[in-house]
Every structure is written in C-alpha cells, then in structure tokens.
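Q: 3D, please:
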Amino acid sequence: MMARETGILADRAIAALFETGRLISERDLDRDQIQPASLDLRLGAKAIRVRASFMPGPSHLVADKLDRLSLHVVDLSEGAVLETGCVYIVPLMESLALPADMSASANPKSSTGRLDIFTRVITDYAQEFDKIPAGYSGPLYLEISPRTFPIVVRRGSRLSQIRFRVGHALLSEPELLKLHESETLVASKQPNVSGSGIALSIDLAGDEDGLIGYRGKHHTAVVDVDKKAQHDIYDFWEPLYSRGRNELILDPDEFYILVSREAVHVPPDYAAEMTPFDPLVGEFRVHYAGFFDPGFGHAPAGGRGSRAVLEVRSHEVPFILEDGQIVGRLVYEHMQEKPVSLYGSGLGSNYQAQGLKLSKHFRI
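A: Residues are numbered from 1 along each chain as shown. Next comes the predicted model:
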C-alpha cells in the first residue's frame, strides 16, 4: 500500500529520520526505543533543579533561562532521586533537525502518567509545551515534576515520547463516525462524537470485587522508573471500592487511577490520542499520558477488550464523579503508512488487553 502524503510517521519512517540526520542522538538507539507511531526520548546526564516552570518564549533559548533560574545540578550518570513538588529540567539525548513540512508533539509515556510524574517537552523559542513546530532544529529538554512519589531516574531513562507528523492528519467528525461504524473504536452502543473526538466515560461500577481504582499514598518510598515489578502495590496505593453507590468524590490534590467503561480500539492504519476533557464540564484533569498506538485494543494483536486507564486529579474543589460520566475524548489521526510492528504484537507492550492496571513498576 502506498504511503499517504500526510499523517503520523510509523516506525520505519522514524528509523529513517536517524539515518538522514533529521534526528540526532548522543548514543545509539535502544533496541525497543522506536514504537509503532512514536519514539521514546531518553534523559541526558544531568537534571537542573529550577525555581519554577517556565516557557522560553519566541526570543529565548532554554539554556539562557536555565542560567537564570537554576538552583542546582543533579548528576544522573549513576541515578538520582527527584523529589516531589520540585521542578527539574533535563536536556534529552535526542535533538532534532526537522524538515520544513514536519512537526512533532510529545506526551508522557503511559507508565510516567500512572506514576503521577508531570512531564513536558520544551524546545528553544517555545510558546507551547509538548509542541515542536514544523522545521524545528535544536535541542529538546524535559521538564519533570514528580507529584505523588519521589522517583529514581538515570541517564537513559525514558519518561516521554514524541510523535512526528507531516501536514494535517486528524480525522474529521464524519470520518471518525464512518471509521467507528466499520471498526468499533469504542465499545459503546451510542458513541458520543463531537469536536473531532469520540467520548470515553468512567467505570465506577467496579470489577467482580467492586474494585474501582486506586488512590496514591503520600510519604512513600521512592519508585525506580527503570525497574519492573519492584514495588508492593499496598506500600504506594490505597485500593478503592464501589460500595454500591457507583460514584467517587475526588479530593483536591489527591491522585487517582481509574478506568474507562468502554474498550478502546485503534486500527493499524491510525493513531489515537486522549485529550483532557473540557474544563467547563468539571474541575478535574484526566490523563496526562495521551498516546494510543496503532494496534492498541486490536484483536489480531492480542488486544480485545483493552480499556483506557485514566489518571485523574481534582483541582481546587472536591468533585463527584459518577459512573458513566464523560471524562475525555479520543481523537484519531491517519498514519502515513501501517507500522511494521503493531502495539502488543511481539513488542512486550505492557498495557495491551488491560483493564484497571497500575504502572509496570508494581507487582500484584
């Protein structure tokens, strides 16, 4: 099949960016760094603790601002603890020299979002976080602020991912409805489609034991972001049960892991992204980590029944969430071509066919 002129770059095209010098890295790529529709970004050798988050703005390099705002430098070569409530800027190993027709966007990796680590990619002259304008040439930096658990990171740790796109790839509302009719994007009898997105709602009925989610504990040990199944769930999380009311009161400044009612499907020729729901609808924020790869929830790739795990935080006021309430929307984009590897099929993907699931760092 011919590649489309516009769309999200697939794995093979991402690899080609390195070969043509459009993507530059301090060292060779990790074997599993290229995902079906994105590239994992790796931390460099140092983290600079800063007084506050900042935006470089159209006339400043990030390095200029760091000179002014830096409090101290943390060496990541042997691993170091990043504390909750602090803001760190880390130069990334990867830098870009994008062609004039190619832009990019970044998002925390799933595991990063599920640990309540707030991350955003910054470029020189940036006026938006996590957005890399077409033709950008220069370094990439990651702002990191652990919110619930202190974390251990090191040079090469991967907390964020980047997607590359040529032109406009977003499906319109009619295209989205047509795709849903043929591929069932969300398992819902009456899909709610508006603003080019398809709605996801919250499951507060719970599983057979009534488990509806988890709330992060405070004052815990550190989480090593590079180690799987290292930590006991109950040292870090308090399980939440429905008690028959099918609602949950979100307390301000608490962090919750919940799950969508609907199973989600991303067909192989598409990529999806979760957009936080309109703040006019409620005082809460859902889902820091928004990328869904081609093949997520795709039955031939072992994904039948995959739900969206939701990272939820209330803002200034307590807020009641009710079962079935809309909490976010999935937008779909065309891939330029079908990836060589789909999510879940032989990639060791951690969250294929998931229900309510904590990050890979915790053991059942």
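
Q: okay, CA-based contacts and neighbour counts for the rest of this
A: OK.

Q: Any stretches of the protein with poor pLDDT?
A: 1-2, 276-284, 287-289, 300-305, 344-354 (pLDDT under 70).

Q: All the helices of the stretch 101-250 of the chain, residue numbers only.
A: For the stretch 101-250 of the chain, the helices defined by DSSP state H, counting those that start in this stretch cover 110-114, 173-183, 233-236.

Q: export those to CSV and tack on mean neighbour count?
A: Below are these laid out as CSV (neighbours: other CA atoms under 10 Å):
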stretch, mean neighbour count
helix 110-114, 23
helix 173-183, 14
helix 233-236, 17
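
Q: Generate CSV for those, with distance to Leu342 as supplementary columns.
A: Output for these, formatted as CSV (distance: least, CA to CA, whole Å):
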stretch, distance to Leu342
helix 110-114, 16
helix 173-183, 16
helix 233-236, 29
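
Q: With adjacent residues omitted, what lies nearest to Arg215?
A: Once flanking residues are discounted, Arg215 sits nearest to Tyr256: 4.5 Å by CA to CA, 6 or more residues apart in numbering.

Q: The one you found touches Glu311, doesn't it?
A: Yes: the pair Tyr256 / Glu311 is scored as a contact, 5.9 Å apart, by CA atoms under 8 Å.

Q: So which of those two has more stuff around it?
A: Legend: neighbour count by other CA atoms under 10 Å for Tyr256 and Glu311, higher for Tyr256 (26 against 22).

Q: For that one, which residues are in contact?
A: Counting by CA atoms under 8 Å, 6 or more residues apart in numbering, Tyr256 touches 213-216, 311-313.

Q: Just grab the bridge partners of it for me.
A: Arg215, Val312 (DSSP bridges).

Q: From Leu310, how far out is it?
A: For Tyr256, the distance to Leu310 (CA to CA, to the nearest Å) stands at 8 Å.

Q: cool, Ala37 as well?
A: 21 Å.

Q: between those two, which one's more packed in?
A: Shown here are Ala37 and Leu310; by other CA under 10 Å, Ala37 has more neighbours (33 against 28).

Q: Does that one touch Gly7 like I think?
A: No: taking CA under 8 Å as the definition, Ala37 is not a contact partner of Gly7, at 10.4 Å.

Q: Report the secondary structure state of Leu41.
A: strand (DSSP: H, G, I helix; E, B strand; the rest coil).

Q: going forward, begin numbering at 27 instead of 1
A: Shifting the count to begin at 27 puts that one at Leu67.

Q: Look up how far Thr174 lies from it.
A: Using CA to CA, one obtains 22 Å as the distance from Leu67 to Thr174.

Q: Name the residue in these two with the higher neighbour count.
A: Leu67 (28 against 22).

Q: beta partners of the more buried one?
A: Here Leu67 sits in beta bridges with Ser186, going by DSSP bridges.

Q: For Leu384, see how far away it is.
A: Leu67 is 22 Å from Leu384, by CA to CA.

Q: before we move on, what about Leu230?
A: For Leu230, the distance to Leu384 equals 16 Å [CA to CA].

Q: if you count what's nearby, which of those two comes out ahead?
A: Shown here are Leu230 and Leu384; by other CA under 10 Å, Leu230 has more neighbours (27 against 23).

Q: any residues in contact with both of Ala63 and Gly33?
A: Common neighbours of Ala63 and Gly33 (CA under 8 Å, 6+ apart) are Met361.

Q: between the contacts of Tyr282, which is closest to Pro117?
A: Among those, Glu337 lies closest to Pro117 (CA to CA), at 26.1 Å.

Q: Give me the distance between that closest one and Arg57.
A: For Glu337 relative to Arg57 (CA to CA), the value is 28 Å.

Q: How about Leu65?
A: For Leu65 relative to Arg57 (CA to CA), the value is 11 Å.

Q: Phe80 now?
A: Shown here: Phe80 relative to Arg57, a distance of 33 Å by CA to CA.

Q: Of these two, which one has the most company?
A: Between Phe80 and Arg57, counting by other CA under 10 Å, Phe80 is the more crowded of the two (15 against 6).

Q: for Val76, what are its contacts?
A: With CA under 8 Å, 6+ apart, Val76 has these contacts: 92, 95-98, 112-115.

Q: for Val192, that is, sorry about that
A: Val192 touches 31-35, 127-129, counting by CA under 8 Å, 6+ apart.

Q: go on, Arg77?
A: Taking CA under 8 Å, 6+ apart, one finds 95-97, 113 in contact with Arg77.

Q: What of Thr32?
A: Contacts of Thr32 by CA under 8 Å, 6+ apart are 191-195, 360-362.

Q: quick one: the closest residue to Leu95 other than its chain neighbours and Val343, what's the gap?
A: Nearest residue to Leu95, sequence neighbours excluded (CA to CA, 6+ apart): Val76, at 5.4 Å. Counting by CA to CA, the separation of Val76 from Val343 is 28 Å.

Q: re earlier: figure out which of the helices of the stretch 127-276 of the chain is closest to Glu299.
A: Glu299 lies closest to helix 136-140 among the helices of the stretch 127-276 of the chain, at 11.8 Å (CA to CA).

Q: Check which helices and strands that closest one sits against.
A: strand 184-192 (3 or more CA pairs under 8 Å, 6 or more residues apart in numbering; DSSP states H and E).
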